[in-house]
Structures are given as structure tokens and as C-alpha cells.
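A.B. asks: Return atomic coordinates for the entry below.
(4 chains)
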Protein chains: 2
Amino acid sequence: MRKVATKPSDNGQGDGSASSTPKRVATIKKVAHRAGVSIATVSRTFADPASVSDELRVRVHEAARVLNYRASRAARTLRVGTSQTVGVVIPDLQNPFFTGVVRGIDLVLQANGYTLLLSNSDEDTTREHNILETLQAEGVAGVIFVPINRSRGTYSRLLAPPIHVVAVDRLPSDLDADLVTVDNVDGTRTGVAHLAALEHREIALLNGPLRHSTAIDREEGYRQALGAAGLPLRPELIYRGDFRERGGYEGMKAMLALRHRPTAVFVANNLMTLGALRALHEAAVKIPDEMALVGFDDMPWATSLNPPLTAVSQPSQEIGAAAADLLLDRMAQPERAVRHVILRTQLVVRASCGASRARAQAIQK
Amino acid sequence: MRKVATKPSDNGQGDGSASSTPKRVATIKKVAHRAGVSIATVSRTFADPASVSDELRVRVHEAARVLNYRASRAARTLRVGTSQTVGVVIPDLQNPFFTGVVRGIDLVLQANGYTLLLSNSDEDTTREHNILETLQAEGVAGVIFVPINRSRGTYSRLLAPPIHVVAVDRLPSDLDADLVTVDNVDGTRTGVAHLAALEHREIALLNGPLRHSTAIDREEGYRQALGAAGLPLRPELIYRGDFRERGGYEGMKAMLALRHRPTAVFVANNLMTLGALRALHEAAVKIPDEMALVGFDDMPWATSLNPPLTAVSQPSQEIGAAAADLLLDRMAQPERAVRHVILRTQLVVRASCGASRARAQAIQK
DNA sequence: CCCGCTGTTGATATCGTTTACAACGATTTA
DNA sequence: TAAATCGTTGTAAACGATATCAACAGCGGG
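C.D. replies: Now for the predicted structure:
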């Protein structure tokens, strides 16, 4: 199963003493000594360059360069009490939506000199709890997280000041924190309305568990769209599974097993869409002719599908960037009122909804 | 901590200003005071419980519990010189292969009490350089990274002792470090041989840039498979783009534009496969009848494609786990010889290669 | 009675920074 | 001319943990 190749230890590179030398990292004291100044001057050279004379500044820079000096973050953190790191906790590292969010966070925070401490809670309450404890011990300046919302009371205890918090995607159950979401009601309404406009009268919803605010909102959007189109709400057309691939697969199978099959399905999440597609292919159901499909979340692979997927696109990267901005704001002004940023979704029409087919028919008439 | 806007020197006496809430994080000193012992005893209680008497141990634990005490990682790091964090650098946070690797790393390292500092180098040399500098300053115990291999000399300077290093997926250009890869030659050879066995005589390769060792190895595997099947190597059937979606799209378009089109294509990377698929759908080319397809990297969406994708699967999570194991080993035994762990790939046959069609024909005969 | 153990505890130096404060010469102000 | 200001520098005290060392009691053996 696993091949292990052991290369002969080739110490030939360079002098043998190089490897045995305990080569300690350069400290501020060594730089000060080499530049012939006090350590305070070295510190000031980097923290407030204007306050030190030109001559000493160049001497310090030169010494720092030669010694390959980097200030110890640990010492700085200990001294000033707050570190330059931000904890990020997402429930699924493999979900492109969340990684898109992380990317947006990373871009903004890295530009502001912060380092990311990323963790994967895996939708597991215990893991989430442990992670938040670790982040607290690590002395992070702030936390951006997608809450799981299962156990009450932990958020308010672990995410207390001086740690600043921003929630993403879901409303945290226990905490009055800044929040970035997308308008889930509107996004779903638009997607379902699109299907209704294409003459579908039996539109199903494959949804996630209602413990997530996103699931609640998306179901609300579904209801509103149905109502606006004058369509009846058939309870058997609503499926609630988990937000994973399996949920979509099971849900679609349930719909296909119905005596009175829907002609269109709205899937409330990207992983579920994958499962729904698999179920459709297994049953050899033609998309969109026998079943039209619209999914929540646009993904890199959406255009490579056959047919390409019509999707309600969430700007994941911008969501992350907004969350990071919110956090930076709050760290600058801790007393500021709590804010909720709600970004808009966008319906990206491709082929899986049958829009092109419908248009073709309309032209024929 | 006086992180609040009280700028005037409040000299940190602590309990002096009784007005506001006790939002200070509990320190070892407070625990010691509350338990009526010295700070040394508190430290020992957690570091070496056996060395402290039963009575004091319970007193300390009780005090720690009440005060919600968590030892400051920064202080510990400063004192002992090495932190409990490991830096992880990957070139693309949105690529499921790399996130799978991270997941494997996370599982192992978190179980061993380490925290992950994850960064995204974005295949950008400058970013990679900055990230490694940050990790150095952060005092990480080790680094697990996917090297970009562009600028010479930075790895050996930034990843010097006492930082331990493990490379993943690609051979670092400048550094003699532990490494975990997959057998890329063998994986590609198997995939291409599969196509050859299905009677394809014109098999193209959509590859990445040869600066990556993975691209070199995969091209070698392609050559070997062709040679073993007695097929000529037509240079125009080898395309070398980037390892991204665009590369696959351009490459497939180039193949489709050929006067003498190949009947099968091996795509050397998951993102490129996405692009190749998009090109095929746009040109309305039937898979596998007009073009058979096998891709490197199996992905969550592979089974949801139409037709499902035949792929050479890399055990991404195990790769990450192996890398983490290697790092833990090395931190325990720094003088150990450098090791390369090479994991096996697995060919997952689905429909895009035309295997089922070929089998059906064979039965007809 | 002294010596050397063992088991438990406290006092304290230390890690590398930041920062309040003092020191100092040079200049400006009263 | 004395005093106040300014710009620049050094001194030293934190920050919170760990680890070394000494102190001390209790105890058995010589």
C-alpha cells in the first residue's frame, strides 16, 4: 500500500557544522548590539520610523537585514495583550462556498497584517467547542465563524471580550454579533419564480435542516414564490434532509418515487445539488425536459455540467471580505452598534432550468 | 487587559477601577492567588500533575474552573521557544485536492494538540515568500507546504532549523525535506493504458507546466503507457497549459481544432478536467463516443457529471495524514534521515472513458 | 546527632517585545 | 540668563508562562 523510500542522508551539502549549529533566530537584542544602539531604538525603528534619526534608522535596517531579523510574534502578543491573528471556523473545508468565504477573508486580513488561524468544525458541536477554546488560549484578536448552533451558552462564554466576533452565513443562536449573510429569502424566491415563469406548476424544494437560519429563509422564499405565482403548496414536494450530498440524493429519489412527480426542483445547497444530479443520472431522467433544476450556490463546476447548471449565485468571496471588513471595523471601534450586512444573490441562468428550450419553443410559436 | 480606549496610564493595577466588568482573561497569577498557592504550583498542576499533592491539585483545578482559566499560548511559546502551531501552505484553497490534504493534516495534528496556521499562496511566489516569513515570525514548530518552486534560495533561508518541514505533492527545488507524493508516473500510465486497452490509438495529454515535478512525472507516465501499447508519440497531442480550468479549456479546444483529432484525452489535473469538459459541451461533442475522457484526481462532483467521470484517484486525505505523521516524527527525531512517502493512486472506472460502451460491444460480438 | 534521602512547595530568573519615563544636548521662549 | 520646549536616545518595568534552584519537613541509617 504505502511505499517508503529512504534517501541516504546526504550531508554533503555545505559544511557539516551547519547542521549541528543550533542557529538561533535573531532577536532584537542582537540587532541592537550589531547596530550599536539600544533595543528600544530597534523597536521604534519598526513601530514608528519617524521617531528615530535617519542615521540610526539605516544602521538598524542594515543590521536587521544581515541578521535576517523578524520580530517574535509571541513576545509581541504577550506584551501588547492582543495578537495579530484571527481565528476562522467553518463547518466544511471541502465545500467551495466556505473556502470562497475564507479566500475573501484571507485577502482582506492578510493585506492588513493579520494571520489566519483556520479550523474545520465539521458541523460537530464538540469540535467547535474545542476550537473556540483553542482560539481563546491562542489569544486571537478576533473570530470569524459559521456557527453550528447546537449547544446553548458556549458562544457567549468563549467569545467574550476582548475577542471580537463576526458571524457568517448563519445567525448565531446565542450571541449578538456582527453578521454577514446573503438575502436567502430573496435568492430562493427569484430562483423558484424563474421556474414558475417557465410554466412549471409542480416545483419541489430540496432543503436542509430547519435548525439553520438559512434553511428557514430559503423555505420562506420558496413559499413566497409559490404564492406569488398562484401555485398551491404541496407539502410532499418539500424535502428536508441534511445539507450534504446525501441529502440531495435521498431527496431527489423521494421526488422521483412520487406518484405525481414534480416537473422542476429547486435545490437549496450546492452539495445537495450534486446528490440530486447523481440521482437523476442514475434514473436516466433527462434534464431539463423531464426534470428542470435550479440550485442554490454557483460553483466552479456548474458550467462544466451537462447541461450547465442554473444557479442562485452567492458572492462567497465578497461575503468573506465583508466579514473581514466588519471585524477590522469592530476592532477599531469596539463600542459600535452591531451590524448585519446582507448581500444580494444573483440568478445565473444556464441550461438546467430549461430556459433555452422554453425560449426556443416561444420562438417557434 | 486594558484593551479599551482608556488611554491614560492606568498602570495595570487591575482591581483598582471597580466600575467595569472583570473582562480580564484569567492569568496563572490569579489562579494561584485564588487557590492560595504559588504560580509554580499552578504551572506544575497542568504540566506534571503527579508532582503536586492531591489536596493542592483539586484546589488549583477548582480555581481554574471558576476563573475560566486557559494558559496563554503566547507566554508559553515565548518561554519554551517553540509553539504548538504548524503552518500549512497550499497553492489553491478552492481546489478540493488541496483542501482534502489539509483535512488529513488537520485530523492528525489536532489530535496531537497542534493548531493549524493555514495560508493560501495562490501559486504566487511573492505571497509564498511573505507567508513563510510570517510563519517564521509566528514561531511555528513546523511547516507543511506545497512548494511553488519559482525563486531559488528562499526555502533554505526561511525554512531553516528549528523549523521542521514536510513538502507535499511537489518536490521542493531547493530543500532536502521530507516529502509525500503520489506515484504520478504509475497513476498516469494506468489511466492512459486503460484508454489504450479500449482500442483508442490517438490519445492526447492535457498537461500542466513542466516546472512542476508532477507535470514531468505525468508526462513520463503517458510516454510509458504509449510505448507499452506500441502507439506512436505524436507531439501535437501533448498540450501544456497551466493547471487551472483555463488550461484544460484551451487545451481541449486545441485538440478539437486538430485536423486529425484524437479519440481520447487524458487530463492531468482536476481543474483542467473542468475546463476540458466545458470545451466539449460547448462544441457539443459526445462523451465518450466522440471523445473519451480520463482525468487525474477524483473529485466529489465526478459521479454527478453526465457521464460520470473516470478518474485516477489520489487519496488526498491520506496524503495529508501521512505528511502530518512525517512532521510529528521529525519533530521527535530531528536527526532522522529524510524520507519520501509515495502513495498509490487508484483508477476509478466510470463512464466517461467509454468502458461500459466497449464492454457492451464486446458482448454483442 | 548528623547525614542524606524523598517529596512537595515557593521564590525567582528568563524568554523577546513594547512603552512609560528619564536623560540629555540643542534650541527657543520668557 | 534661566526656564521651558523639543527631538532623540537609553533604562527598565512589565506581559504570563516555565524551569531551575533552594527550602523545608519527615524519615531512616550510620
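
A.B. asks: For the stretch 151-300 of chain A, what lies in contact range of DNA strand D?
C.D. replies: Residues of the stretch 151-300 of chain A found near DNA strand D (Cβ under 7 Å from any atom of the strand): none. C-beta coordinates here come from the backbone N, C-alpha and C atoms, glycine included.

A.B. asks: now the strands for the stretch 151-300 of chain A?
C.D. replies: A:164-168, A:178-182, A:203-207, A:238-240, A:264-267, A:292-296 (DSSP state E, counting those that start in this stretch).

A.B. asks: can you list those in a markdown table and add distance to chain B?
C.D. replies: Compiled in a markdown table, those are given as follows (distance: least, Cβ to the nearest Cβ, whole Å):
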| stretch | distance to chain B |
| --- | --- |
| strand A:164-168 | 10 |
| strand A:178-182 | 18 |
| strand A:203-207 | 14 |
| strand A:238-240 | 18 |
| strand A:264-267 | 12 |
| strand A:292-296 | 11 |
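
A.B. asks: TSV for those, including mean neighbour count, distance to A:Glu318 and mean pLDDT?
C.D. replies: As requested, the strands of the stretch 151-300 of chain A are exported to TSV (neighbours: other Cβ atoms under 10 Å in any protein chain shown; distance: least, Cβ to Cβ, whole Å; pLDDT from 0 to 100):
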stretch	mean neighbour count	distance to A:Glu318	mean pLDDT
strand A:164-168	26	11	92
strand A:178-182	24	9	93
strand A:203-207	27	25	93
strand A:238-240	18	29	92
strand A:264-267	29	23	94
strand A:292-296	28	16	92
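
A.B. asks: Around chain B, which positions in the stretch 251-365 of chain A sit nearby?
C.D. replies: Within the stretch 251-365 of chain A, the positions lying close to chain B (Cβ under 8 Å from any Cβ of the partner chain) are A:271, A:274-275, A:277-278, A:281, A:299-301, A:303-308, A:334.

A.B. asks: Just the buried residues of the residues you listed.
C.D. replies: Buried subset of these (neighbour count, 16 or more other Cβ atoms under 10 Å in any protein chain shown): A:271, A:274-275, A:277-278, A:281, A:299-301, A:303-308.

A.B. asks: Among those, which are located in helices?
C.D. replies: A:Leu271, A:Leu274, A:Gly275, A:Leu277, A:Arg278, A:His281 (DSSP state H).

A.B. asks: Tell me the one among those nearest to DNA strand D.
C.D. replies: DNA strand D lies nearest to A:Leu271 out of those, by Cβ to the nearest atom of the strand, at 40.5 Å.

A.B. asks: Find the closest residue to DNA strand C in chain A.
C.D. replies: Counting by Cβ to the nearest atom of the strand, chain A gets nearest DNA strand C through A:Ile28, at 2.6 Å.

A.B. asks: Just send the strands of the stretch 151-300 of chain A back as JSON lines, with distance to B:Leu135 too.
C.D. replies: Converted to JSON lines, the strands of the stretch 151-300 of chain A look like this (distance: least, Cβ to Cβ, whole Å):
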{"stretch": "strand A:164-168", "distance to B:Leu135": "24"}
{"stretch": "strand A:178-182", "distance to B:Leu135": "28"}
{"stretch": "strand A:203-207", "distance to B:Leu135": "42"}
{"stretch": "strand A:238-240", "distance to B:Leu135": "43"}
{"stretch": "strand A:264-267", "distance to B:Leu135": "40"}
{"stretch": "strand A:292-296", "distance to B:Leu135": "37"}
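
A.B. asks: which residues of the stretch 151-300 of chain A score low on pLDDT?
C.D. replies: The model of the stretch 151-300 of chain A has pLDDT under 70 over residues A:151-153, A:157-158.

A.B. asks: Might you report the residue contacts of A:Gly139?
C.D. replies: Applying Cβ atoms under 8 Å, 6 or more residues apart in numbering or on different chains to A:Gly139 gives the contacts A:Thr77, A:Gly81, A:Thr82, A:Ser83, A:Thr85, B:Ser72, B:Arg73, B:Ala74.

A.B. asks: If you could redo that for A:Gly113, that was the one I meant.
C.D. replies: Going by Cβ under 8 Å, 6+ apart, A:Gly113 touches A:Gln84.

A.B. asks: what about 10 Å?
C.D. replies: The contact partners of A:Gly113, taken as Cβ atoms under 10 Å, 6 or more residues apart in numbering or on different chains, are A:Gln84, B:Thr134.

A.B. asks: Using the three-state scheme, assign A:Trp46.
C.D. replies: One thing to correct before we go on: residue A:46 is Phe, not Trp. helix (DSSP: H, G, I helix; E, B strand; the rest coil).

A.B. asks: ok, and the closest non-adjacent residue to it?
C.D. replies: Take A:Phe46 and drop its neighbours on the chain: the residue closest to it by Cβ to Cβ, 6 or more residues apart in numbering or on different chains is A:Ala71, 6.7 Å away.

A.B. asks: and what of A:Ala254?
C.D. replies: Leaving aside its sequence neighbours, A:Ala254 sits nearest to A:Tyr239 (Cβ to Cβ, 6+ apart; 5.6 Å).

A.B. asks: and stretch A:76-85, how far out from the chain's middle?
C.D. replies: 26 Å (Cα atoms, centre = their mean, to the nearest Å).

A.B. asks: For that stretch, measure first residue to last.
C.D. replies: Start-to-end span of stretch A:76-85 (Cα to Cα, to the nearest Å) is 12 Å.

A.B. asks: now check it, is it near chain B?
C.D. replies: Yes. Residues of stretch A:76-85 are located near chain B by Cβ under 10 Å from any Cβ of the partner chain, namely A:Arg76, A:Thr77, A:Leu78, A:Arg79, A:Val80, A:Gly81, A:Thr82, A:Ser83, A:Gln84, A:Thr85.

A.B. asks: and that stretch with DNA strand D, contact?
C.D. replies: Yes. Using Cβ under 7 Å from any atom of the strand, stretch A:76-85 reaches DNA strand D at A:Leu78, A:Arg79, A:Gly81.

A.B. asks: Keep only those of those residues that are in helices.
C.D. replies: Reading helices off the residues of stretch A:76-85 next to DNA strand D with DSSP H, I get A:Leu78, A:Arg79.

A.B. asks: Now list the buried members of the residues of stretch A:76-85 next to DNA strand D.
C.D. replies: Buried residues within these, counting neighbours by 16+ other Cβ under 10 Å: A:Leu78, A:Gly81.
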